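In: With the sequence up front, the predicted model follows.
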Amino acid sequence: MAAPLRFRTIALVIELIDSNCALGMVSRPGPAGAFLSADDLEAHQARFGIGKALVYHSLAVEEHPTAGNELLMQAIESHDNLIPSWLALPHHTGEFPKPERFIEELRSAGVRAVRIFPDQQRFLTDDWVSGELFEALAGQVPLFWHIDSLDTPTARELYRVSTTHHDLQIVICDVDKMINRTITPLMREAPNIWLETGGYRTHRGIEYLSNAVGADRMVFGTKLPWQAVGPPHAELMYADIDDDARRAIGSSNLERLLAMAAW
Amino acid sequence: MFGHVWRHNAPHPHHHRPDPFAADALTGEPLNDFVIDVHSHPGPGTNFFYQGGGVDDLLRVMDRTGVDYCCFSAYTAIGPDFVRGNELVAGAVRDHPTRVIGFAVPNPNYPELAKEELIRRVDEQGFRGIKIHSTSHEYPIHGPNYIPVYEFADDHRLPILSHTYDSPARIRQLATTYPNARFIWAHAIWQHIRTPDLALTVRDLPNVFCEMSGSGNRRGQIEAFVRVAGVESAVFGSDYPVLGQTWQMGNVAHADLTHEEKRKIFSENIRGVLGL
């Protein structure tokens, strides 16, 4: 049956930046697989109006940050719309540079975003473990903090770190539904906390948080390749917010955040 | 420069041509086709907070998304008080008969009251389906107190939306024992990746459907299910407001399926079962 005639005089596609996606082979992809090349990732994202992406390498989280960070730079060479982000570890075991050295490496490579996966990579975020790293990043480069869930210890730790390291901009990544009673006071108490929306699948959630804490505190993400783009994309596009707020969440908040980097 | 926008019908950089569902979803417009959401729960969240969730709020969301009909079973009905919840849905069916389809919830832990509820809601108040939640009510779907529920559905040719399916073998047993009932297994499409037998099982059962609501959203999962089970086995359900209605709606709208396959999932497969 032919599609009905429709008028799209005001229908606009908002160009988006994906703040949470990975390149490279993964151990447990969905049926559609992973993105083994930058070209493939860009082509898929273009279907959704995603013109740029803050990307990391899958091996940085599934194997080791040092290996993945290096592979990332090779994979995105000559892909100007893919913005690199590196994973970090605490330095105590000698497997990762000390924070001052790591900051220099970031600066030298022009990398303006750092990620940590403390649950998955089995380290604590207490100051006696990660405090030096946080202090080095504070005021220098935003931190994308990937969580398994916003459970009680994680929420308490996010609160403690964000209120201890006031100049550290923290983007909470990979949240789930049912978090409003925690995320609302957390973001109100800590103005340096941001939310990546890729897993925020709560009914009218983006609309709610826009009113509760402000649309200027959220950044759009997809969690590619593990997650389909359609769901988080639709959550943003159908949210009952004005187009300025939608553009802020979709792209300009992340641009503003990355512009906070010291280089 | 970001924040830049362009006309939707501008040439796509990779010449991907979205079908009408994907085109609507791309710009956040109401889906311009007949859409039925078989899974929604009006009422406040039990033990967590979301904004809205009442009947009027859910109807406003349907207007934004372009969903024509929703199958309602109250959140409190699948939780603590199924009579109170069914009463809430009865009001919604009465006030919004062209948008809301009532699904009555029986709690098998109260078997006599559950039977009375089904008769009252279906025979007297026009509910057109049954919702069971064996996990929340902590009662196995093969337990004896569910047998009168299945018999009632079989006698009335009703759909049963079930939160869990137990096993592919159980699906086959129920579907063949009660051939006039229509079983909709909620969240089941996400189980396919862990239980491939599920899709193979439902493929040959014309009175069985699976929907995709829930937190699962692995890339390509709906397409993989459809390839094995056949598109006729898939129906759209969101579980909103437990989650956003747009979450799985966006998943189906943007899936790598044909427009005709999406139409079947969004409405055609279940339309006749619901009498629409």
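Out: Yes, it's here.

In: Within range of chain B, give me the residues from the stretch 101-250 of chain A.
Out: Residues of the stretch 101-250 of chain A lying close to chain B by CB under 8 Å from any CB of the partner chain are A:176-178, A:180-181, A:201-205, A:207-208, A:224-240, A:247. Quick note: C-beta positions are derived from backbone N, CA and C, even for glycine.

In: What subset of those is buried?
Out: Buried subset of those (neighbour count, 16 or more other CB atoms under 10 Å in any protein chain shown): A:176-178, A:180, A:201-205, A:207-208, A:224-239, A:247.

In: Can you tell me which of the residues you listed end up in strands?
Out: Under the assignment DSSP state E, these contribute nothing to strands.

In: Helices of chain B, residue ranges please.
Out: With helices called from DSSP state H, chain B shows them at B:20-27, B:55-65, B:82-95, B:111-118, B:125, B:147-156, B:168-177, B:188-191, B:197-203, B:221-229, B:245-253, B:259-263, B:269-271.

In: If you could redo that for chain A, that was the one I meant.
Out: Under DSSP H, chain A gives helices at A:38-46, A:58-62, A:65-75, A:99-109, A:127-137, A:152-164, A:180-189, A:205-212, A:230-237, A:243-247, A:253-259.

In: Return the list of helices and strands in contact with the third one.
Out: I take that to be helix A:65-75. strand A:50-57, helix A:58-62, strand A:86-87 (3 or more CB pairs under 8 Å, 6 or more residues apart in numbering or on different chains; DSSP states H and E).

In: Please identify the pairing partners of the shortest one and their relative orientation?
Out: This means strand A:86-87. strand A:114-116 (parallel) (DSSP bridges).

In: and the strand it pairs with, average pLDDT?
Out: Across strand A:114-116, pLDDT averages out at 98.

In: quick one: whichever residue of the stretch 1-150 of chain B sits closest to chain A from residue B:222, how far?
Out: Proximity of the stretch 1-150 of chain B to chain A (CB to the nearest CB) peaks at residue B:28, 3.3 Å away. Per CB to CB, to the nearest Å, residue B:28 is found 20 Å from residue B:222.

In: how about low-confidence regions in the chain?
Out: Looking at chain A here, since you left the chain open. Chain A contains residues with pLDDT under 70 at A:1-12.

In: hm, I was asking about chain B
Out: Residue ranges of chain B with pLDDT under 70: B:1-16, B:215.

In: same thing but 90
Out: Filtered on pLDDT under 90, chain B yields the residue ranges B:1-17, B:44-47, B:164-166, B:190-196, B:214-217.

In: Now residue 102: closest residue in space that isn't a chain neighbour?
Out: Answering for chain A, as no chain was given. In space, and not counting its chain neighbours, residue A:102 is closest to residue A:88: 6.4 Å by CB to CB, 6 or more residues apart in numbering or on different chains.

In: should've been chain B
Out: Sequence neighbours aside, residue B:127 is the residue nearest to residue B:102 in space, at 3.6 Å (criterion: CB to CB, 6+ apart).

In: neighbours of the one you found, just the number please.
Out: Using other CB atoms under 10 Å in any protein chain shown, residue B:127 has 27 neighbouring residues.

In: do the one 5 residues further on as well
Out: Counted with other CB under 10 Å, the burial measure for residue B:132 works out to 28 neighbours.

In: again, but for residue B:170
Out: Residue B:170 is flanked by 16 other residues according to other CB under 10 Å.

In: Over to the one 5 residues further on?
Out: Under the neighbour criterion other CB under 10 Å, residue B:175 is assigned a count of 19.

In: residues contacting it?
Out: Counting by CB atoms under 8 Å, 6 or more residues apart in numbering or on different chains, residue B:175 touches B:181, B:183, B:205, B:207, B:208.

In: Which one of these is nearest to residue A:82?
Out: Taking CB to CB as the measure, residue A:82 sits nearest to residue B:208 out of the contacts of residue B:175, at 43.7 Å.

In: what's the distance between the closest one and residue B:202?
Out: Using CB to CB, we find residue B:208 at a distance of 5 Å from residue B:202.

In: Now the common contact residues for those two.
Out: Taking CB under 8 Å, 6+ apart as the criterion, residue B:208 and residue B:202 both touch B:171, B:185, B:233.
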